[in-house]
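# Structure here, sequence nowhere to be found:
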Ligand SMILES: Cc1ncc(C[n+]2csc(CCOP(=O)(O)OP(=O)(O)O)c2C)c(N)n1
Ligand SMILES: Cc1ncc(C[n+]2csc(CCOP(=O)(O)OP(=O)(O)O)c2C)c(N)n1
Ligand code: SF4
Ligand code: SF4
Ligand code: SF4
Ligand code: SF4
Ligand code: SF4
Ligand code: SF4
Ligand SMILES: [Mg+2]
Ligand SMILES: [Mg+2]
């Protein structure tokens, strides 16, 4: 298949449909509206159902019902809308239901604004739902990756029986660049969803989807099972890109939109004879801690570059475990870091690190 | 005033009323019901208003309206209910409104169970709302502290114009122990709430409470202001208790209910000639990082002890910055760590650390 | 040095919570460190209810009594089965023998069999069985003075419950006498 | 080596988004690295609209053009004021002089004044002013071959818009000729 | 001897956790009987709420999903849109449906979602220990209306059927009670009709069942029935509020 | 010459961001005029929604709180319970009030909350670019009903006034339109009456105003008015659905 | 009356709520205060077996499906 | 008609939507296609000042409170 041009938001929809997603429940919010709108046009042509829910709360609970019916199902929203989905998400995680949740992040807090931001990093990686649950979180940096990861997300969700989140921002959602839709082949051996509530047909015991355990020992059992699963995901699914690490004097850590800007910075600084590396987490959870084991000895400092005020820095610190000082550069509220400002900060740190 | 006996949940209510809280909006959920029930009995006697909202979402937005009217106002819930409040909380933080939010944590994820847990640590310290906001989070370990911190919470909320969260669990909420209600004196110089929407009376320009900023530069401005405030809170408000630190071979980190059990463990182990220290965060955010600068050189390891599966461990790692190995012992889902199990784990680690 | 860890357990409605709170209050009056922790949850409604009370000379760490109860006051059979194992060796079981035929299976603890309901019925109200057991327990352990206990009973049976004071005082005495 | 960073800006409705997408498509057809990023949000409805297009021989980092545009195609006055400063020294401004009387205030960049609306009206439809400017811009920069551009125009004006193809082709030629 | 009444196969063998005399049990039974009689147990997916009936997943002899508090209609929508050929029902209390879940039930009706809702109105929050519900009556004491509900403070109790009947997508709306054998039989008929409407693909159907909560009302089961008759039925009139055209 | 019409002091001098011909502007003006005429501007707290009218806080010349999407009635409740002597109103769109905020508006009515709601029904999500609303008409195209709304898929449009009028706490419920000068004047009367009901402490009052969205309907402002008349008014009949006893 | 019924109580699961007692038109059900079942309740029982008309009113009101009713 | 009115338009803030035009019973308002105001719109204006009856219908429909109406 040749390359096509689509907006990121629409590309997610197209990728999802190609991955077998036939159900979408959502509620409008900028800057992700092109996704539900695409689904409302395309799903009916593919024997699927697009339904606009009355709210984000309702949408995520429709996802619960659909996922527990064995369907491949998706929802999407943006920051405050995802805040509203937190209860639903923890239920889905607890009931071990597969689904894909997209967050096209906008500036916060509160109603905030609609320009690109990454200030939902905590929300994605630490959750705002209750309890010890995790989402597998993909943070694509370009549309090809967005499309590939979207398709992969459905497989991973089914395989691990876990909600998967795709985190982008308005830039990723609104931009166009060439995309190739490859034939979709799951990297997992997926089994029948024999746990789904599809009616007993009088042929089996009832299937029950449930997250209530009044006996704490039973609830802890669920938690042990979840923790085992999360350990498995941690060891199998952490992904990252390491860029220009050789001889790096400093390694920047950035994901998504910000990582693209950082790559420009790195190229520019290379021209100036300054070697800057990049660790780009592709999964925010599990955070690619291993990437920090291979930092060259030339490197004297790390720097988290975010469109948020120091959220990923927690994970950078935990991953580097005190081995290197961790600096920070961030913008917020829809302001996109400018290459110049990052360069300045890098120079400041390198100066200081010498 | 002499000592009185009350259930923790009721003590929160009594303390709040003594601190001038006159408005409570909530929605029933176990194991915190005694608090709204107390308020429904007592507020009407104190010229206040208790109102049961139709949902947690509604309750937190009533709090928004009341706080923006200049009132001292409170809400409370438990885990999944707090998940539902996330959007409201980020709005309150963004609008810089003072209020007190109580979470009597129960086992999760999902509907989970109603027994004590601490698995909303992330929810409290990292939030599930969108954007770069923080709550000042108090985690009392006994009812006297619960009462004192509740009163303090209203002052701190007003002073910093920020939502304050009190985190307990069913044990704290349900138990009784003697409490003394001291005369309430604010440790802050509090000023008039001239920003509140109380009607212009034709005497001033309209006051506007708002979190929307379509111009990202304006939104970033709000964020800069918030970050400045959070820095201030970080330097002023971090609180902890250090216990038996002298000659400690290992320092456990535990808060709330768990810290009480750990104290028993420490006493028991002392009898066995093993010195174990405790850092007990009283504020979960800001996390008392300074406490980790005064760990004696006898200490060979840290251990986070939680009724969750490794949530506070992030902050322990960040605070100790790779200086000491960080171990973990935790139970979940309403299971309370038993002293014996902690002792065993301590011995295992100390053995290993030697 | 006192460090009593008491489990009070029975059916919902038998007054085990109040019994625990009476010990709690008396302990506080006497200047001891005290804590009270109830079981809670939907299961409270029908089934068994219990609470953990600690009275100590030292500050109390956890109010949870797991397997280290020094005493248990047991008002019904399910509670005996559930909590017997949680009493430490050398500890005490105070058992409501009116409702529990079974004997304790532990030989390393002292068990006292008090026909609390029978005595309560004798006194004219089966609902004071808890206070009979309380009397026995406190007489046995002597962890608290009579004055403190009297204060606690007066506090527990005041206001709308004042009419129940006398009969409870009597029940308390009868319980105490039984083990006196 | 080509590394063109183009801002297309004008009123909503003037077709700046489509103009940008035409460059994008042509670039892709030619095997270049390309990206297109629109401004978005409620302000789009009435006010100005703009998009950033990058055509490059190297992989594209950020699709954001901040103050490093190599060219700007400007269809109305507010856009001139807003984006003039973002063009690098030595860069190009292609200005719709039909609607913008003001001249560029920068002496370090090349400004071309194209009466795009006048030409479009001449051609019979003021809505093809964007294509006139596109013609001028692409002729000036030669970053893309005519075949690629023709393909892009055919793609842009296909289906329900096919009837607009001829006039846009004409507009494109006229724009190109003006700077030819 | 012919058996005229025995336990339906629509129920599992698990004993319920309901308090003695709680009429949740009757309503479970009626629902289960209808499902059995319609011969759809194997094609049914139930949705259990948060409330005393949260454990309904243990009692109905069909596939069940347990939903977040108030969200059962949204969960049911998700199920039904994926499996339009299945019978989908929610079983919800008054806190669940008429308070936190108001938006979800209104919009299930609004969309004409082809599901059936069994709405158990016991004028109180049972599970959490007796707090006020939107359906708590004026003067009724609850743990969060300790001095009795007043209209001034909390408004007049919400009449759900009357409200939902105004919505086009509601094709069957009826209020019943399980206070007498006759009313129990009527209740079953209404539940039967509601499921039939769903199976015929007509739209949203709901049966509100007035129910008791002896424990939180602080009465014996038998007194509770009397209280329901004397207090609830006058305010919540029994009857049909909406049914398909041809039945009118 | 006597001035018969001039700008009310109830509005600030800021120009609105509304699209040309959007009737939000008329509804703002009417609300502001009523507040001025009742002489309560200094005692009023407005609540702005999320929707095109989110910036209402810039336009009304009184204290205003901006609320989360759909939660304006809850925010207003918080305000009114703290300041029962103040006049509190919400201004909400159909996405805000009839979709995400359904529970909040129903329960403000249920509690008989002494607030006034101005409900702007333009049958679409204006701010986010034209998605389907619960009030979008059958056959109407929206960006999320690209083939036109069907009853089968999304139900019949929701009639909010009819629904809220069933709730005891609603003391004043009226639907008006701003399509003609006469209707604009009627709309103002209704808004006046609604605020009076609040000031008299009667309960919850709401005025639904049929409004246009020329941009997302894809029509000129004048055609939009005609479309409203031909399509909206027939489905959303104008008139009063509830008023205080003595006025009946 | 010619009609003859027979009711069987599943004693073990009866909660002794008494709703069947109130429902029986012939008032022939009572709680057996001599028995306590596994759940701790006095189960319902029929006093006068012969009078039962098999109307199933008792079963209608029993929340715990304790009763089976047969009819001649 | 004896009634005499006068309308004044605040040109700068008119959005040229035309609602006033449709509302005027005397059809004396039009958009001034020769003017473009700061917002970029052709503002509304009165063609035949003398005919105005001061009915304020135009003002009633103007969403942007552009019009002031006086009456004799
Ligand atoms: C989000 C959330 N809020 C609150 C609760 C606590 N809760 C459990 S059941 C219940 C109310 C149940 O009342 P109702 O729906 O009337 O059912 P009933 O128990 O009376 O049958 C509540 C508030 C919860 N589990 N989740
Ligand atoms: C929680 C949340 N969900 C969604 C949005 C996005 N959003 C903004 S306005 C709006 C709808 C507005 O429509 P309506 O209420 O009809 O107002 P109108 O713009 O038509 O006047 C939506 C969905 C949001 N800001 N917050
Ligand atoms: S609490 Fe009430 S509703 Fe719940 S089971 Fe008991 S009686 Fe029934
Ligand atoms: S989008 Fe629609 S509702 Fe919003 S301002 Fe424009 S015309 Fe009015
Ligand atoms: S079947 Fe009828 S007569 Fe027989 S016991 Fe039951 S209610 Fe009484
Ligand atoms: S109604 Fe059923 S549970 Fe109640 S007493 Fe009768 S048989 Fe027993
Ligand atoms: S006041 Fe009446 S007559 Fe005069 S311009 Fe306005 S609408 Fe026309
Ligand atoms: S109605 Fe108002 S804004 Fe519209 S054209 Fe007339 S004066 Fe201008
Ligand atoms: Mg209920
Ligand atoms: Mg709208």
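Arrived safely. Computed from a predicted model, the values in this text were never measured in an experiment. Ligands and ions are numbered 1, 2, ... in the order given.

# So residue E:91 is in contact with residue E:50, correct?
No: assessed by CB atoms under 8 Å, residue E:91 is found out of contact with residue E:50, at 11.3 Å. Glycine gets a C-beta too; all of them are placed from N, C-alpha and C.

# Which of these two has more residues huddled nearby?
Taking other CB atoms under 10 Å in any protein chain shown, residue E:91 and residue E:50 do not tie; residue E:91 has more neighbours (30 against 25).

# What parts of chain G come near ligand 5?
Contacts of chain G with ligand 5, taken as CB under 6 Å from any ligand atom, map to G:5, G:7, G:23-24, G:26, G:28-29, G:46, G:52-58, G:69.

# Keep only those of those that are in helices.
Among the residues of chain G next to ligand 5, the members falling in helices (DSSP state H) are G:23, G:57-58.

# State which one residue of chain E is found closest to ligand 2.
Ranked by CB to the nearest ligand atom, the top residue of chain E for proximity to ligand 2 is residue E:103, at 12.6 Å.

# Am I right that that residue is in contact with residue A:53?
No: using CB under 8 Å, residue E:103 is not in contact with residue A:53; the gap is 9.6 Å.

# who has more neighbours, these two?
Higher neighbour count among residue E:103 and residue A:53: residue E:103, with 31 against 26, using other CB under 10 Å.

# and that one, what does it touch?
Each residue near residue E:103 by CB atoms under 8 Å, 6 or more residues apart in numbering or on different chains is listed here: A:54-55, A:57-58, F:99-103.

# ok, now residue E:133?
Counting by CB under 8 Å, 6+ apart, residue E:133 touches E:93-95, E:98-99, E:122-125, E:142.

# Which strand or helix spans it?
Taking DSSP states H and E as the definition, one finds residue E:133 inside no helix or strand.

# need the helices for chain E, in chain order.
Using DSSP H, helices in chain E cover E:24-37, E:56-59, E:72-82, E:94-95, E:102-110, E:151-154, E:160-164, E:181-199, E:214-217, E:221-227, E:233-235.

# Chain C now?
Using DSSP H, the helices of chain C run over residues C:16-29, C:77-83, C:116-123, C:129-141, C:146-156, C:165-178.

# re earlier: between the ones in helices among the residues of chain G next to ligand 5, which has the most around it?
Neighbour max across these (other CB under 10 Å) = residue G:58, 28 neighbours.

# wait, it sits on residue G:68?
No: at 10.4 Å, residue G:58 does not count as touching residue G:68 under the criterion of CB under 8 Å.

# Redo the contacts of residue E:133 as TSV? Include neighbour count.
Conversion of these to TSV gives the following (neighbours: other CB atoms under 10 Å in any protein chain shown):
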residue	neighbour count
E:93	31
E:94	28
E:95	31
E:98	28
E:99	29
E:122	29
E:123	28
E:124	30
E:125	29
E:142	24
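
# And those residues, which is closest to residue B:184?
Nearest to residue B:184 out of the contacts of residue E:133 is residue E:142 (CB to CB; 30.8 Å).

# so what's that closest one bridging to?
residue E:145 (DSSP bridges).

# Give me the pLDDT for it.
If you check residue E:142, the pLDDT there is 98.

# ok, now the one 10 residues further on?
pLDDT, residue E:152: 98.

# Most neighbours among the residues of chain G next to ligand 5, which one is it?
When neighbours are taken as other CB under 10 Å, the top entry among those is residue G:58 (28 neighbours).

# how much space between the residue nearest to it when sequence neighbours are not counted and chain C?
Among residues not flanking residue G:58 along the chain, residue G:20 sits closest, at 3.7 Å (CB to CB, 6 or more residues apart in numbering or on different chains). According to CB to the nearest CB, to the nearest Å, residue G:20 stands 19 Å off from chain C.

# how many other residues sit next to residue G:20?
Neighbour count for residue G:20, taken as other CB under 10 Å: 26.

# cool, residue A:347 as well?
Look at residue A:347: counted by other CB under 10 Å, it has 14 neighbours.

# Quickly find the element holding it.
In this assignment (DSSP H and E), residue A:347 forms part of helix A:339-353.

# What are the buried residues along that helix?
For helix A:339-353, the neighbour count (16 or more other CB atoms under 10 Å in any protein chain shown) marks A:339, A:341-343, A:345-346, A:349-350 as buried.

# dump the residue contacts of residue C:177.
In this structure, residue C:177 makes contact with C:135, C:139, judged by CB under 8 Å, 6+ apart.

# can you list the residues of chain E near ligand 3?
Proximity of chain E to ligand 3, by CB under 6 Å from any ligand atom, involves residues E:18-19, E:22, E:24, E:52, E:122, E:126-127, E:213-216.

# rewinding a little: what's the offset of the helix holding residue A:347 from the middle of its chain?
Chain-centre distance of helix A:339-353: 28 Å, with CA atoms, centre = their mean, to the nearest Å.

# hmm, that helix touching chain B?
No: shown here: helix A:339-353 not in contact with chain B (CB under 8 Å from any CB of the partner chain), separated by at least 12.5 Å.

# Any figure for the gap between the residue in chain G that ligand 1 sits nearest to and residue E:213?
Using CB to the nearest ligand atom, the closest approach of chain G to ligand 1 is made by residue G:63 at 12.8 Å. Distance of residue G:63 to residue E:213, given as CB to CB, to the nearest Å: 12 Å.

# Many thanks, I have nothing further to ask.
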